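Asks: Return a 3D structure for these sequence lines:
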Amino acid sequence: MRPLIPIPLAILVLVIPPLLNMGKAGTSSAAQPSAGRVGPSDAAGLPRGADLVLLHGKIWTGEPYAGPGQKPVPAAFVEAVAMASGRILAVGRSDEIRSYVGPNARVVDLQGRFAVPGFIDDHVHFMAGGFQLLEVNLKDAPNEAEFVRRLAEKAKSLPPGQWIEGGNWDEEAWPDAKLPTRWMIDPVTPNNPVFISRYDGHAALANSLALKLAGVAKETPEPAGGVIVRDPKTGEPTGVFKDAAQG
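Replies: This next block holds a predicted model:
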């Protein structure tokens, strides 16, 4: 018997049959784990009787899965789930989960259909996702040196004049947690304009060539709702633009 930690339940999305090597209703290609119960001490306030029970399905639990064409671990898919007050009570075989049916429960026979918890709408936009593969990835750069190295490597792979975009950098992950500047990246990107976004989308860094092409200089006024970060001593733009100043 596998204990469960009750978690908030979103809508279960049902996909019309049959997917992922699904067997007939009430059967599964993987061994079904015993139902995991949540007792009163583990889920205070939850009723013992379920108000929604799904039976005879192919239900993905979110447990580790070996991948397409490989045998799933037993807990990756179950055929039944019991829920109460918007939380999962137990998962397992249909004959076990029937014991959770409360007096006013709604019981749904999935008849072998596939179900997944609707916790996350995880998807990729085809065109945008494809373009991201061509951009520089700075998301997990642990320090300034690696940040600069990746930009240098990207610049070497591009013809002069082609923009370097992408980024998703996070200076808070660096030891000194300081914003990058155009002077940091100018030596490795002399022939390619750079405009790379911070991971939250609220800031971006441009190199000196990009500033020149955009006509941004010391005298450039800040736009409404945006900030052109400047060197406190000289007043020169550092290359970082925040919010509406990104264009």
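
Asks: C-alpha only now, for contacts and for neighbours.
Replies: Noted.

Asks: Can you list the buried residues in stretch 203-212?
Replies: Buried residues in stretch 203-212, counting neighbours by 16 or more other C-alpha atoms under 10 Å, are found at Ala203, Ala204, Leu205, Ala206, Asn207, Ser208, Leu209, Ala210, Leu211.

Asks: can you pull the contacts of the fifth one?
Replies: This means Asn207. Contact analysis of Asn207 by C-alpha atoms under 8 Å, 6 or more residues apart in numbering lists Thr181, Arg182, Trp183, Ile185, Asp186, Thr189, Pro193, Val194, Phe195, Gly239.

Asks: Name the member of the residues you listed that has the highest neighbour count.
Replies: Neighbour counts for these, by other C-alpha atoms under 10 Å, peak at Val194, which reaches 29 neighbours.

Asks: returning to what we had before: so which of the contacts of Asn207 sit within strands?
Replies: Using DSSP state E, Val194, Phe195, Gly239 are the members of the contacts of Asn207 that sit in strands.

Asks: re the thing from before, which one of the contacts of Asn207 is nearest to Trp169?
Replies: Distance ranking of these against Trp169, using C-alpha to C-alpha, places Phe195 first at 11.6 Å.

Asks: Can you tell me how far the nearest residue to that closest one once chain neighbours are set aside is from Glu165?
Replies: Among residues not flanking Phe195 along the chain, Ala206 sits closest, at 4.5 Å (C-alpha to C-alpha, 6 or more residues apart in numbering). Distance, Ala206 to Glu165, by C-alpha to C-alpha, to the nearest Å: 9 Å.

Asks: wouldn't Asp200 be in contact with Gly167 here?
Replies: No - contact criterion C-alpha atoms under 8 Å: Asp200 and Gly167 do not qualify, at 10.6 Å.

Asks: more neighbours, those two?
Replies: More crowded of Asp200 and Gly167, by other C-alpha under 10 Å: Gly167, with 25 against 10.

Asks: Among the buried residues of stretch 203-212, name the ones in strands.
Replies: Reading strands off these with DSSP E, I get Ala203, Ala204, Leu205, Ala206.

Asks: which one of the residues you listed is nearest Glu146?
Replies: For those, the nearest to Glu146 is Leu205 (15.7 Å; C-alpha to C-alpha).

Asks: what's the pLDDT at Asn104?
Replies: Per-residue confidence (pLDDT) for Asn104: 88.

Asks: residue boundaries of the strands in the protein?
Replies: Counting by DSSP E, the strands of the chain are 12-15, 50-55, 58-60, 77-78, 80-84, 87-92, 101-109, 114-117, 136-137, 164-169, 194-198, 203-206, 226-230, 237-243.

Asks: Which of the ones you listed sits closest to Ala145?
Replies: Taking C-alpha to C-alpha, strand 164-169 is the member of the strands of the chain nearest to Ala145, at 12.7 Å.

Asks: where does Glu222 land on pLDDT?
Replies: As predicted, Glu222 sits at a pLDDT of 94.

Asks: returning to what we had before: nearest to Lys156, of the strands of the chain?
Replies: Going by C-alpha to C-alpha, the one of the strands of the chain nearest Lys156 is strand 164-169, 10.8 Å.

Asks: other SSEs contacting the closest one?
Replies: Secondary-structure packing of strand 164-169 (3 or more C-alpha pairs under 8 Å, 6 or more residues apart in numbering; DSSP states H and E): strand 136-137, strand 194-198.

Asks: I'd like the ones you listed written out as CSV, with distance to Glu63 and mean pLDDT added.
Replies: CSV is the format used below for those (distance: least, C-alpha to C-alpha, whole Å; pLDDT from 0 to 100):
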stretch, distance to Glu63, mean pLDDT
strand 136-137, 29, 96
strand 194-198, 32, 98
